[in-house]
Structure formats: C-alpha cells, structure tokens
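with the sequence up front, the predicted model follows.
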Amino acid sequence: METPGAGGDGRELLDQALVAELEQLGGEVLSNAVRVYADQATGQLSELTIAIGRGETLTVAKAAHKLKGASRTLGATQLANIASELEATAKAGDLSAADELLDGLRSGLDETMKALDGRVGSTWP
C-alpha cells in the first residue's frame, strides 16, 4: 500500500504541509495554481525533450531550473528534486542521464497531478 503523498518509488511526492497552507488560501486559489502549474510543467517537459534531443545543455539547465522552482512553489517535492538533479548535470555539461531523468519527470508529473487533483477535485488527463 502506498503512503499518501509518496511517489511510486516511496519518495515524498508532495510537501503536505505546504499544500495544506495553499489549501488555506481557498479551493479556487489552489485549483487555479494547480491548473497554471500543469500547463507550465507540460510546456517545460516539451522544452526539455527538444533540448535534450539537441544536446543543448544550457537550455536543459534553464528549463529544469524553471520546473524546479515552480514545483517547489506548489509543494511538488519529488519533481523539484528530479528537476534539480537534471539542472545540476546539465550545468556540468553532462546529459548522459538526461533521458532517464526526463522519464522520471514525466511519470512524476503524472503522479503529482493525480495527487493534487485529489486535493482540489479536478481530473488530470
């Protein structure tokens, strides 16, 4: 059985305290924040896919940094950690693990959005 808020690999998926603080702002505020985050994160994953395919380490680092920041702001701990790792390796000029990290970001985004949707009552595709 999975722990609520934990990802499929057992790592903390969401910062439950931060998400609870955001819920205190009101359901509509959190719902809007989740919607904006989903749109931005999806766009950043597309940008990362293209940049990794082209071997553009600077673009990968910048996109991963944006995703890391947005994820931390919303309490998406697991995604922020993976994005941070991708950012660091790209800054070091190493994209050898980028495809694996990108896969982790994709599956992590899916898990994160399902968990957040459960909190705001919406449905992730």
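Happy to help now that I have it.

surely residue 30 is in contact with residue 23?
Yes. Using C-beta atoms under 8 Å, residue 30 and residue 23 qualify as a contacting pair, with a distance of 5.6 Å. Where C-beta positions appear, they are placed from N, C-alpha and C, glycine not excepted.

so what sits against both of these two?
Overlap between the neighbourhoods of residue 30 and residue 23 consists of residue 119, taking contacts as C-beta atoms under 8 Å, 6 or more residues apart in numbering.

three-state assignment of residue 41?
Remark: residue 41 carries the secondary structure label helix [criterion: DSSP: H, G, I helix; E, B strand; the rest coil].

can you pull the contacts of it?
Applying C-beta under 8 Å, 6+ apart to residue 41 gives the contacts 67, 70-71, 79, 109.

and the two most separated of those residues?
Greatest spatial distance in the contacts of residue 41: 70 and 109, 11.0 Å, computed using C-beta to C-beta.

which one's more surrounded, those two?
The residue with the greater number of neighbours, taking residue 70 and residue 109 and applying other C-beta atoms under 10 Å, is residue 109; the counts read 23 against 19.
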